Every structure is written in structure tokens, then in C-alpha cells.
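Visitor: Need a 3D model of the following:
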Amino acid sequence: MARSEKVSANTPWTDDELRQSVEVYVLLLRLQLSGGDGRSESVAQALLRGPLALRNDAAIRYRMRNISAVVQEMDGPMLKGFSPAESVGKQVRPRIRAMLLNDPDFARLLAPTPNAGDDDRGDALKALAILRRQIEELEADLAWRRHNGPPEQEDVGIERADLQDAREAVASVEAELAKLEPDTEAVKAGISRILGLALKLTKWIGERTTKFVDAVLVAGAPVAVAKVTGLLPAIIDAVEAVGRAVGH
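Guide: Sure thing, here's the model as predicted:
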């Protein structure tokens, strides 16, 4: 079957297709709960267009709404833009539920840690260090591509100045968490700047053309576009970890 040939709407979804959808749902839900805006639908479509290349946009959107229906049953927070669609299917519903229960990030959303401690601060510093390194790597990659890459690889939505500001914000939050008594307002200001980069990334991902997605994505890779940037999951990890560390 050619890559461009779409499957019938009646073709059963594989476990891999469902898992990709659940991973993207949870990723965008975490971003939403961390303070992201409401661009979830276009970003979800772009994230899934590679792994679910044989499914059309309507099928992808309806599957995300199915996940909302299962999340609602579990009394979990739902992703905006995807109202629950109850016609999930007797065979599909338990598979989605099991995948959600086995996702550690979703488990934390259902039962968040109530109190902050030294371990939480250490986890936050580790997450921030990972994020800082990934920002530095993307800065270097953008600089290389603008000097050596073909014009079609030029990034127009993510500027090096955006990355520099986010990197400086990460450093400021790291400095606060290293103190005996961090300034929570300074931490919040830094997190706000970091989330600013996340919102630019979601806009960039949501506006990618089909040509770009087909050329860049690796079929079957989980959360493929986010892994191309390498930043969106790392931003969410860091923001959540800092939230646990400072108790908000």
C-alpha cells in the first residue's frame, strides 16, 4: 500500500496507532495544564500526521475525542478542543484505558504529588539542566543550518533570540532553586518565559505543511515532531518538576 493511500474508516486501529494518539493527547494535556494556550487541535494533527499517515484528519480528530471520553470516565482532566465522543467501541475503550493507566505522566495528572521536598528540587534541577542542554543543541543546529542548510530547512517561527531568552530563563530558575529559600515570584516569571517558547513551538508545529511533515517525520516514532525539535516534552517536564519543587 502506498504511503499516501488512506485506509478505510472501518479498518481497525492498531495498538501502535492508539498508543501514538494517547502519547500525543497526554503531552498536549500536560502543556495545557502547565499554562499552554488552546492550539491543541492543529498541533495534535501535526504531531500525528507522520505516525498515523494512513488516517485522515477527521479520523485522527475523532480518535482524540474518544480518548477524551475515556479520560472523562476516569475523572481526569481533558484536553480542550476535543469534546468527549462516546462511540469508542467495545474493543477499543479498554485498550485506550489501559494505555492511559500505563502512562506515568497521565498517572501523575490523576494523582499529583501534594507536597514539595528536597527530592522534588533535585528533580527540578535535573529537568532544567536537560532542557538547557536541548536549547543549546537547537541553537547550534539553527546556526549550522542557516549557514549550511538548504533554504527549505530555514526556520521562520523559532528564532535564536527566542531560544536565548528561554535559556536565560532556565538559568534564572536554576539559580533560584539553588537558594535555601527561592523567590517564588522570580521562579514564576522564569517559568512564564520558558512557556513562551513552548507556545511558539506549538504554533510552529501546528503550521507545518504536509510537505514538511512528510519530509521530516520518521514513521512510527512517538510524538515525532516534538522529537524533531527536541524541546516540547523537555519544557513540559521542567515546568511540571519546578511546580512540584516550589509547591504550586
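
Visitor: Could you list the domains of this protein?
Guide: 15-110, 118-246 (automatic domain parsing).

Visitor: Give me the average confidence score over the shortest one.
Guide: Think domain 15-110. Average pLDDT, domain 15-110: 89.

Visitor: hmm, back to that, deepest-packed of the domains of the chain, please.
Guide: Stretch with highest mean neighbour count among the domains of the chain: domain 15-110 (a mean of 19; mean count of other CB atoms under 10 Å). The way it works is simple: take the backbone N, C-alpha and C, and place the C-beta from them, glycine included.

Visitor: how long is that domain end to end?
Guide: 23 Å (CA to CA, to the nearest Å).

Visitor: Go ahead and name everything in contact with the strand or helix carrying residue 189.
Guide: Assigned by DSSP states H and E, residue 189 falls within helix 184-206. The contact list for helix 184-206, computed with CB atoms under 8 Å, 6 or more residues apart in numbering, reads 31, 34-37, 39, 42-43, 45-47, 131, 135, 155, 157-158, 162-163, 165-166, 168-170, 172-173, 176-177, 225-226, 229, 231-232, 235-236, 238-239, 242-243, 246, 248.

Visitor: mind checking how far the residue most central in space within the chain is from residue 80?
Guide: In the chain, the residue lying closest to the centroid (CA atoms, centre = their mean) is residue 27, at 3.9 Å. Applying CB to CB, to the nearest Å, the value for residue 27 to residue 80 is 14 Å.

Visitor: same question, residue 48
Guide: 17 Å.

Visitor: Likewise for residue 109?
Guide: 14 Å.

Visitor: mind checking how far the helix holding residue 189 is from the chain centre?
Guide: 13 Å (CA atoms, centre = their mean, to the nearest Å).

Visitor: who's in contact with stretch 56-74?
Guide: Against stretch 56-74 from outside (CB under 8 Å, 6+ apart): 6, 9, 13, 18, 21-22, 24-25, 41, 44-45, 48-49, 52, 55, 77-79, 82-89, 92-93, 96-97, 100, 110.
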